[in-house]
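**Student:** The following comprises the amino acid sequence and a computationally predicted model.
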Amino acid sequence: MEHRLANGLHILVGEVHSLPILSFQVHFATGSRYEGPGITGITHLFEHMMFKGTKELGPEEFSRIIQANGGTLNAFTTTDNTSYFENLPADKLELAVSLEADRLENLRLTQETLEPEREVVRSERKLRSVNNPFGLLIEQLFALAYEQHPYRWPVIGWDHDLRNLTLNDCREYYRLHYSPNNAVVVVVGDVTADEVFKTVEKYYGHIPSQPFPRLTIPLEKPQRGEKRAVFKKVSQVSAFFAAFHIPGITHPDLFPLQTLCAALSGGRSSRFFEKFEKPGKAVEVRAEMGSPPFFSMDPGLLQIYAIASPSLSLDTLEKEIWEEVEKLRQQPLSQEESLKVKKQVRSYFIQGLQTLFFKGMLAGLYQVRAGDFRLLYSILSSYEALSADDLLRVAQKYLRPDNRTVVTLMPVSQKEHEDLGELE
Amino acid sequence: MSAGAKFRSFALPAISASLLKNGLKIYAVQRPQLPLVSIHLVLPYGAEADPPRKAGLAHLCAEMLTLGTQQHSASQLAREIDGLGAILSAHSGWNSTSWHIFGQSEDFERLMSLLLEIYTQPAFSPEEFEQLKQRRIATLVQQKDESGILADERFQEILFQGTPYDHPVYGTLRSIPQIFWEETGEFHRQRFLPAGSFLVIVGDLPAEACFHWVEANFPAMSQDRRFNSGEFCVSLPAEVRTYLFDRPDLTQSQIRLGHIGMAHAHPDYLPFEVMNYVLGAGGFSSRLMQKIRSELGYTYGIRGLLEPRKQAGPFTISTFTHTETTFPCVREILSVIQSFLAQGATEKERQEAINFLTGSYPMKFESLSQVAQRIMQAELHGLGLEFLSAYPERVSAITLDEMGRSAREHIHPQKVTIVVVGRTERFHREFEQLGPVELME
């Protein structure tokens, strides 16, 4: 059930009474796609600052109160949205609503809390990117595949920008993006829609809406030929990460593309496992593009990556992988394989529906990224309706060498690693 | 038998348990919300049963069972499982080995037949074994690039040296090449459905239907096959010892700090759990997170964890920090522990810990696999099903005195082992202030 407050806040409610718990989620329609050069990473850093206190609450007191009431909580930032959530006993709805509304209205931003948090985020960047075996490789893949669109920089931001973001940048970001008319509240669990609407109205109703910032997000032009790069670092293995441009979340071609990914690397009967992993030609080969509701808002990337094993050169492995992908463009899947992969994607989706958190994510992210949560109701039928011809058509349309970007990881000695400069 | 308890309007799902005529214990929980079923066959031994110099044998053996039967080759089996939209996986922990099938409840009988076939008629194909072994070796080579995993492995090896817990469950680059095909078949035959094995089935099915199918089809238990890893006792070092592993390419150090803790069934486990929420496990409510992350900005994450095992598991504080703050970070961690031991938790902290552990308890029963995991842990560690229903009230009764005593008796900052993986030349000397330092390969 849905409702919209006068200030534009959108509310979605799913009543599920199997356990006395609820998932309360606030999804803001702001992600790294709304940033610009020089302030990359501000969306994510700002998400951290949302836990640093309000006029009434001290730093981290938000988290402490939620946990002290039997709740778990967290937040995450993506290219397209910033989401905050609390999973709580069902009788704690009002607590979650009041605390979330408080930080939307009364956040306290100070230099004293910004400075340590900047270092926390830089530590997170080192964890996820710099010291991750393949983190910087993936950053380079996006930076090469996109030339104009903001997806070309990482959500966590470039280290140089993280070091230079100011308190004023944070204040400006808060003013522009954190308003009720730029958010969707989702509550799923042992609640009634009526009590949710009344409680949200009570705490959010008086918060004024803001005019939307005028933003022009450049569209990426179609790629006209393969792009390649090499990344050198100390590594035990060589590897490549490749990407093909695909459409955004509302496009129906995403379902056959996701099903093709299952044919390539879904389970031990998949083509990549049988051909490369099982005989030890590769440590790992995967085709991935996310699954509903995590498809990107704007045209995204279908990634294929391979970690080579010592028994086969990376060049040979890559050549054989592209031959395998080419087969998808030449021959339709057999009826048996087509049925198998359709059942797999359908079954994996149903498995996700076990938790209130995932159900809330489905509604919230479809609303924020696609503009309509109702699209989630057609996901299963979209899988059902697929034919082998649909799969062949999207393979031919998107998995073309000209639409491909490839970054290879070349292992080097410690000396050469150091000579190439400091990683950051 | 049926266990159920109400706490703050939460009733545990009804867990039906039965000891079948074939000797197998089975737990079944009906969850009709989605047309799914989660099936777990559990044996009461894991990597603790690996013979000396054969680290990873239990894990390889568990995996071999998923790689073909006498009726279906590995590829045929994989096609069958994937064709049902199901997932088959083998798990080997410290104290258990299990096979898990997750699929749609309409396929229950087919999934059970496959599980039975996998377990009773494994092919143990030498070709599959050789490929599996090579895959494992290749994965372990790649894993050397993962500094967090490296730190975990080295920390536990040093802590548990000479005990059954002294190696990674998946083996090492030294041990896996020394495991041969014949050994996996023999390992399986010797441990076929030993006493203490059990099944857990959670999903959109009546318990009686599960019992009936298993009774009619599963083989008898082998009551004469028993596994006992034997008690072990390791004394703590007399001083703080630091082990530094050099990875000059890293810009951030991985840190592990702690010592051997206590077994899951130890009477002090629950007071320790409540106490440790305040010290290290309570996220932003923990003293360590407040100081090391929120105040000092040294790290994105820090956590203290006592791992629940049949015998004493490790109590580990895990974190990572910029190379230049490596030693200050360790020094501050020790200082937080010492001040916590001196002052103890406050009554407010105790109440918050109890509210969290009891209030969030229903969320641990949300998915089918979560329900199964709760049952498995209670059974494997000898806690009994009543532990699940009594947990909230037992936690609520923990006093400040009990928390303080569990901290003083089970946390020893003067005897911790510290493992750091990072650019050691930048902080090597500083660690000598704490005690002996060893530079490791």
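**Tutor:** Yes, it's here.
**Student:** CA only for contacts and neighbour counts going forward, please
**Tutor:** Will do.
**Student:** and the end-to-end length of stretch B:429-440?
**Tutor:** Distances were taken as CA to CA, to the nearest Å; on that basis the terminal residues of stretch B:429-440 are 15 Å apart.
**Student:** Now do the strands in the stretch 301-424 of chain A.
**Tutor:** Under the criterion DSSP state E, counting those that start in this stretch, strands of the stretch 301-424 of chain A are mapped to A:404-411.
**Student:** Give me every residue in it lying close to chain B.
**Tutor:** The stretch 301-424 of chain A comes close to chain B at residues A:309-310, A:339-341, A:343-348, A:350-351, A:354-355, A:414, A:417-418, A:423, as judged by CA under 8 Å from any CA of the partner chain.
**Student:** which among the residues you listed end up buried?
**Tutor:** Buried subset of these (neighbour count, 16 or more other CA atoms under 10 Å in any protein chain shown): A:309-310, A:339-341, A:343-348, A:350-351, A:354-355, A:417.
**Student:** can you pull out the strands in the stretch 101-250 of chain A?
**Tutor:** Per DSSP E, counting those that start in this stretch, the stretch 101-250 of chain A carries strands over the ranges A:183-189, A:227-233, A:239-246.
**Student:** go on, the stretch 251-400 of chain B?
**Tutor:** For the stretch 251-400 of chain B, the strands identified by DSSP E, counting those that start in this stretch occupy B:252-260, B:302-306, B:314-322, in order along the chain.
**Student:** how about the last one, does it reach chain A?
**Tutor:** Yes: interface with chain A: strand B:314-322 contributes B:320-322 (CA under 8 Å from any CA).
**Student:** between those residues, which has the most around it?
**Tutor:** Ranked by neighbour count (other CA atoms under 10 Å in any protein chain shown), the residues of strand B:314-322 next to chain A have residue B:321 at the top, with 32 neighbours.
**Student:** Residues in a beta bridge with it, which ones?
**Tutor:** Residue B:321 has these beta-bridge partners by DSSP bridges: residue B:253.
**Student:** Surely it touches residue B:252?
**Tutor:** Yes: Residue B:321 is within contact range of residue B:252, at 5.3 Å (criterion: CA atoms under 8 Å).
**Student:** tell me, what's touching the two both at once?
**Tutor:** Here residue B:321 and residue B:252 share the contacting residues residue A:123, scored by CA atoms under 8 Å, 6 or more residues apart in numbering or on different chains.
**Student:** Any idea what residue B:317 is bridged to?
**Tutor:** In this entry, residue B:317 is beta-bridged to residue B:257, residue B:304, by DSSP bridges.
**Student:** That one touches residue B:302, doesn't it?
**Tutor:** Yes: in this structure residue B:317 lies within contact range of residue B:302 using CA under 8 Å: 7.1 Å.
**Student:** Between the two, point out the one with more neighbours.
**Tutor:** Set side by side, residue B:317 and residue B:302 show unequal neighbour counts under other CA under 10 Å, the larger going to residue B:302 at 24 against 20.
**Student:** these two touch, right, the more buried one and residue B:319?
**Tutor:** Yes: Residue B:302 lies in contact with residue B:319 (CA under 8 Å); the separation is 4.6 Å.
**Student:** Contact residues of the stretch 251-400 of chain B facing chain A?
**Tutor:** Counting by CA under 8 Å from any CA, the residues of the stretch 251-400 of chain B close to chain A are B:251-252, B:284-285, B:293-300, B:320-322, B:351-363, B:366-368.
**Student:** Show me just the buried residues among those.
**Tutor:** When neighbours are counted using 16+ other CA under 10 Å, these contain these buried positions: B:251-252, B:284-285, B:293-294, B:296-300, B:320-322, B:351-363, B:366-368.
**Student:** returning to what we had before: so which of the strands of the stretch 101-250 of chain A is nearest residue B:194?
**Tutor:** Closest approach to residue B:194 among these (CA to CA): strand A:183-189, 41.9 Å.
**Student:** Check the gap between the residue of the stretch 201-350 of chain B found nearest chain A and residue A:165 for me.
**Tutor:** With CA to the nearest CA, the shortest gap between the stretch 201-350 of chain B and chain A falls at residue B:297, namely 4.1 Å. Going from residue B:297 to residue A:165 by CA to CA gives 16 Å.
**Student:** same deal with residue B:317?
**Tutor:** Separation of residue B:317 from residue A:165 (CA to CA): 32 Å.
**Student:** Could you check the pLDDT of the residue positioned nearest the centre of chain A?
**Tutor:** In chain A, the residue lying closest to the centroid (CA atoms, centre = their mean) is residue A:78, at 4.8 Å. You'll see residue A:78 listed with a pLDDT of 98.
**Student:** Hmm, residue A:155 and it touching each other?
**Tutor:** Yes: between residue A:78 and residue A:155 a contact is recorded at 6.1 Å, counting by CA under 8 Å.
**Student:** Quickly list what's touching both of these two.
**Tutor:** Residues within reach of residue A:78 and of residue A:155 at once, by CA under 8 Å, 6+ apart, are A:31-32.
**Student:** Could you give the number of residues near the residue nearest to residue A:253 when sequence neighbours are not counted?
**Tutor:** In space, and not counting its chain neighbours, residue A:253 is closest to residue A:394: 6.8 Å by CA to CA, 6 or more residues apart in numbering or on different chains. Neighbour count for residue A:394, taken as other CA under 10 Å: 19.
**Student:** quick one, what contacts residue A:394?
**Tutor:** Under the criterion of CA under 8 Å, 6+ apart, the contact partners of residue A:394 comprise A:253, A:256-257.
**Student:** Identify, from the residues you listed, the entry nearest to chain B.
**Tutor:** Nearest to chain B among the contacts of residue A:394: residue A:256, at 16.6 Å, using CA to the nearest CA.
**Student:** The closest one belongs to a strand?
**Tutor:** No: according to DSSP: H, G, I helix; E, B strand; the rest coil, the state of residue A:256 is helix, so it is not within a strand.
**Student:** Contacts only, for residue A:324.
**Tutor:** Residue A:324 makes contact with residue A:271, according to CA under 8 Å, 6+ apart.
**Student:** Please verify my assumption that residue B:215 contacts residue B:22.
**Tutor:** Yes: here residue B:215 reaches residue B:22: they are 6.7 Å apart, a contact under CA under 8 Å.
**Student:** The two: which is more packed in?
**Tutor:** Neighbours of residue B:215 and residue B:22, each counted by other CA under 10 Å, are more numerous for residue B:215; the result is 18 against 15.
**Student:** List the contacts of residue A:141.
**Tutor:** Under the criterion of CA under 8 Å, 6+ apart, the contact partners of residue A:141 comprise A:241-243, A:405-407.
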